[in-house]
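J.: Predicted structure and sequence below. I'll ask about it afterward.
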Amino acid sequence: MSKPSPLALAPLALFLLFFVGSGLWYQAAGVEFAFYQISAPVAILPAIVLAVALATGPLNERIQTFIRGVGDDTIITMVLIYLLAGAFASVAKAVGGVDATVNFGLSVIPPALVLPGLFLITAFVATAMGTSMGTIAAIAPIAVGLAESTDLSLVLTTATVVGGAMFGDNLSIISDTTIAATRTQGCAMRDKFRVNFRIALPAALLTLVWLWWQSSAATVQVPGSYELLRILPYLAVLVLAVLGVNVMLVLLVGILLAGGIGLALQSGFGVAQWAKEIYAGYGSMQEILILSLLIGGLGAMMKTQGGLDWVAAQIDRISRRGRGATGRRSGELSISAAVALTNVCTANNTVAILIAGSLARDIAERHGVDARRSASLIDIFSCVVQGVLPYGAQVLLACSIAKLSPLQLIGSIHYCWLLGIAALVAIALGYPRLRKPA
């Protein structure tokens, strides 16, 4: 292990330069989804070359260090879960699970509760699917239709969907942010969910009250028919995950259950189509899967060269030192700031967690922060920032569907702003109080 050195972080700076710089370039040129024109797995390649060049020792040893990082148990476990999560989301959507869930919810919601109902439906679907992007793509068109058929603001209905989607992205057991947060911090998904939910619940309740006040005079029509059986895969995944069943088994059960429902109920859905949907789900995870592997290798090289130790030392230097509550608060604020600033640079909440995860764990150990809290905080603040970034994928997708400017939308995504405030209050008060694990 080398001494702490800022030079070891040069590859990370180069990665951000290519990724963020290309996004700014395309944004200036007026290209849609500017920050996703050059994908992160490509932008990171020059950084890997630089990391290998800066490392000391024989070339083969440097490459082996990178490969060990790629093959780390945490990284490989994440990759397998990504594949199963993508497959489940694809199959469940193909058999009509998303449409059935949305239509059922809207059919039983009183008109005065249309916006709170829209938030709850979106939050449920996102929690079950584990993807904010897929949820926004499925439900944002309904939000646009609601705005057109009522006197509700298009900005508010669209922002409600983004807020609900980020709720699910933050809390879902199968979300890539949850997977990354728990794996990098070394805690169980169930334990992280319990802590995270108790912080997110006040923000969600305040959001529901605000949305109820905004939609109390609205009227809405039932959007379509539905079959309750098609909702079963989402319910099964939620129940099994909360009960603490191994996440890989949970997802496998979801894939089998969704496929079985498709075979029984859906005309033209055979085994071959089922297989194609599973493979399509694999493909949907390609970018984050490849990036996770490459970041694992890059992180190993930066850690070996002392880069993460140097950053941790600098954060400790600017943070208030202390024991007990003071030390905990400064540690939790440092963890939150680290992931938030990383997210601003990368415009990707999962990438931010992967980059800042090792550093957050180091800070947590130094300041006595429980792993369950550190996992919750890095997931919360990455989702808070991602949900209000005008150049983030979620906001850009919603704005593309609703034909809005991102700057119009971000101020109305109330849940994300309230979640950030709730997390800061939780840090200040040390809420929730946690018992030491048995």
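T.: It's in.
J.: only C-alpha atoms for contact and neighbour calcs from this point on.
T.: Noted.
J.: what's the spacing between Phe197 and Gln314?
T.: When distance is defined by CA to CA, to the nearest Å, Phe197 is 31 Å away from Gln314.
J.: So between these two, which is more surrounded?
T.: More neighbours surround Phe197 than the other of Phe197 and Gln314, with 16 against 12 (other CA atoms under 10 Å).
J.: tell me the contacts of that one?
T.: Residues touching Phe197, when contacts are defined by CA atoms under 8 Å, 6 or more residues apart in numbering, comprise Leu171.
J.: let's see it at 6 Å
T.: When the contact criterion is CA atoms under 6 Å, 6 or more residues apart in numbering, Phe197 has no partners at all.
J.: Enumerate the positions of stretch 350-366 that are buried.
T.: Of the residues in stretch 350-366, those with enough neighbours to count as buried (16 or more other CA atoms under 10 Å) are 350-364.
J.: Next: stretch 414-424.
T.: His414, Tyr415, Cys416, Trp417, Leu418, Leu419, Gly420, Ala422, Ala423, Leu424.
J.: Closest to Ala85 out of those residues?
T.: The shortest separation between Ala85 and any of the buried residues of stretch 414-424 is 24.1 Å, and it belongs to Cys416 (by CA to CA).
J.: Now that closest one: closest residue in space, sequence neighbours ignored.
T.: For Cys416, the nearest residue in space outside its immediate sequence neighbours is Val384; the separation is 5.0 Å by CA to CA, 6 or more residues apart in numbering.
J.: Check which helices and strands the host helix or strand of that neighbour sits against.
T.: If you go by DSSP states H and E, Val384 is part of helix 371-388. Helices and strands touching helix 371-388, as assessed by 3 or more CA pairs under 6 Å, 6 or more residues apart in numbering; DSSP states H and E, comprise helix 176-185, helix 189-215, helix 324-346.
J.: Okay, now the unreliable bits of the stretch 51-200 of the chain?
T.: Under the criterion of pLDDT under 70, the regions of the stretch 51-200 of the chain flagged as low confidence span 102, 105-106, 149.
J.: for it, what spans make up the helices?
T.: Counting by DSSP state H, counting those that start in this stretch, the stretch 51-200 of the chain has helices at residues 59-70, 73-94, 97-108, 114-129, 132-149, 154-171, 176-185, 189-215.
J.: and the helix or strand just after the last one, how far out from the chain's middle?
T.: Same thing as helix 189-215. Using DSSP H and E, the helix or strand that follows helix 189-215 towards the C-terminus is helix 232-242. Its chain's average C-alpha position is 19 Å from that of helix 232-242, according to CA atoms, centre = their mean, to the nearest Å.
J.: Show the secondary-structure elements that helix 232-242 is packed against.
T.: Helices and strands touching helix 232-242, as assessed by 3+ CA pairs under 6 Å, 6+ apart, comprise helix 247-265.
J.: I'd like to check what contacts the helix it packs on. Which residues are they?
T.: Counting by CA under 6 Å, 6+ apart, the neighbours of helix 247-265 from elsewhere in the structure are Leu84, Phe88, Ala92, Val95, Pro233, Val237, Phe269, Gly270.
J.: count of neighbours near the nearest residue to the last one once chain neighbours are set aside?
T.: Spatially, and ignoring its direct neighbours in sequence, Gly270 is nearest to Leu263 (5.8 Å; CA to CA, 6+ apart). Residues within reach of Leu263, counting by other CA under 10 Å, total 17.
J.: Equivalent analysis for Asp176, please.
T.: For Asp176, the tally of surrounding residues (other CA under 10 Å) stands at 28.
J.: sorry, back to before: and the helix holding Val384, how far from the chain's centre?
T.: If you compare the mean C-alpha spot of helix 371-388 with that of the full chain, they lie 9 Å apart, counting by CA atoms, centre = their mean.
J.: Compute the inter-axis angle for that helix and helix 176-185.
T.: With axes from the mean of the first three to the mean of the last three CA atoms, to 10 degrees applied, the angle from helix 371-388 to helix 176-185 works out at 150 degrees.
J.: what's whichever helix or strand comes after helix 371-388 in contact with?
T.: With elements assigned by DSSP H and E, the helix or strand that comes after helix 371-388 is helix 393-402. Residues external to helix 393-402 that are found in contact with it (CA under 6 Å, 6+ apart): Met133.
J.: next one: stretch 136-154
T.: Thr157, Thr158.
J.: Just the buried subset of the contacts of helix 247-265, please.
T.: By the neighbour-count criterion of 16+ other CA under 10 Å, these include these buried positions: Leu84, Phe88, Ala92, Val95, Pro233, Val237, Phe269.
J.: Excluding covalently adjacent residues, which one is nearest to the second one?
T.: Nearest residue to Phe88, sequence neighbours excluded (CA to CA, 6+ apart): Ile255, at 4.8 Å.
J.: now swap in the first one and tell me
T.: For Leu84, ignoring the flanking residues on the chain, the nearest one in space by CA to CA, 6+ apart is Leu251 at 6.0 Å.
J.: Brilliant, that's me finished.
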